[in-house]
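In: A predicted structure for the sequence below; I have some questions about it.
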Amino acid sequence: MIRLELPNIKFKQTYLDAVKEFINLGSDNESTNHYLKRTLKQFDEEFEKFVQEEINNHNNIQSAGWVQCTEFWILDENDTYCGRISLRHRLNEFLTHYGGHIGYDIRPSKRGNNYATLALGLCLKEAKKIGLDEVLITCDDDNIVSIKIIERNGGVFQNTIKQDSGIMTKRYIINVS
């Protein structure tokens, strides 16, 4: 079984192991690029600062132009970092079109275990706690796995829009009230 927890330095080694997996995988995927913003050495050396940045964002202390966002780490029964799921408390113009309220990814070695579906279900409960009645979730139109995850959690297809980059983005609404 999995659970969601706020970022914490006690999970440093398992987080760094996941970063290694993402670095080895490489990707143009925006979600995966979250792990590639820093080198492994930077994550290791600046881990406490990184965790504090995530906590600050949860507490609505963030850079101009960003919205308040709670990042949860997805952990299994062994306290292994399995991925992350982010809950944005409100939407700006960009998020309204392309990003939505929730974004998630699962580390490569943990994929195929239903973790994203379970984590999204848990995150929807968190969305309700912060007062959201519905959430917008988006994914690339060719991301069959995410489409299934969203639909399993009650996602109702709204439309598909084209990003400036040419990528087609599917938009779904999930009622959480």
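Out: Noted; the coordinates are in hand. Keep in mind that this is a model prediction, so the values were computed, not measured. Residues are numbered from 1 along each chain as shown.
In: remind me which residues of this protein are low pLDDT?
Out: Under the criterion pLDDT under 70, the flagged ranges of the chain are 26-38, 62-65.
In: what do you get if the cut-off is 80, keeping everything else the same?
Out: Within the chain, the stretches with pLDDT under 80 are 25-40, 42-44, 59-66.
In: ok, the most far-flung residue of it relative to its centre to residue 39 distance?
Out: What lies farthest from the middle of the chain is residue 45; by C-alpha atoms, centre = their mean that is 23.2 Å. For residue 45, the distance to residue 39 equals 9 Å [C-beta to C-beta, to the nearest Å]. C-beta here means a position set from N, CA and C on the backbone, and glycine is covered the same way.
In: Could you do residue 117 as well?
Out: Remark: distance between residue 117 and residue 39 (C-beta to C-beta) = 31 Å.
In: Neighbour count: the two, which is higher?
Out: residue 117 (16 against 11; other C-beta atoms under 10 Å).
In: tell me the secondary structure for the more buried one?
Out: State at residue 117, reduced to three classes by DSSP: H, G, I helix; E, B strand; the rest coil: helix.
In: One more: residue 160?
Out: Residue 160 - assigned by three-state DSSP - is strand.
In: correct me, but it touches residue 172?
Out: No - using C-beta atoms under 8 Å, residue 160 is not in contact with residue 172, being 10.5 Å away.
In: where do the helices sit along the chain?
Out: According to DSSP state H, the chain carries its helices in the segments 12-25, 40-45, 47-58, 93-94, 115-129, 144-152.
In: Single out the most deeply packed of the ones you listed.
Out: Greatest average neighbour count among the helices of the chain goes to helix 115-129 (a mean of 19), per mean count of other C-beta atoms under 10 Å.
In: Perfect, that will be all.
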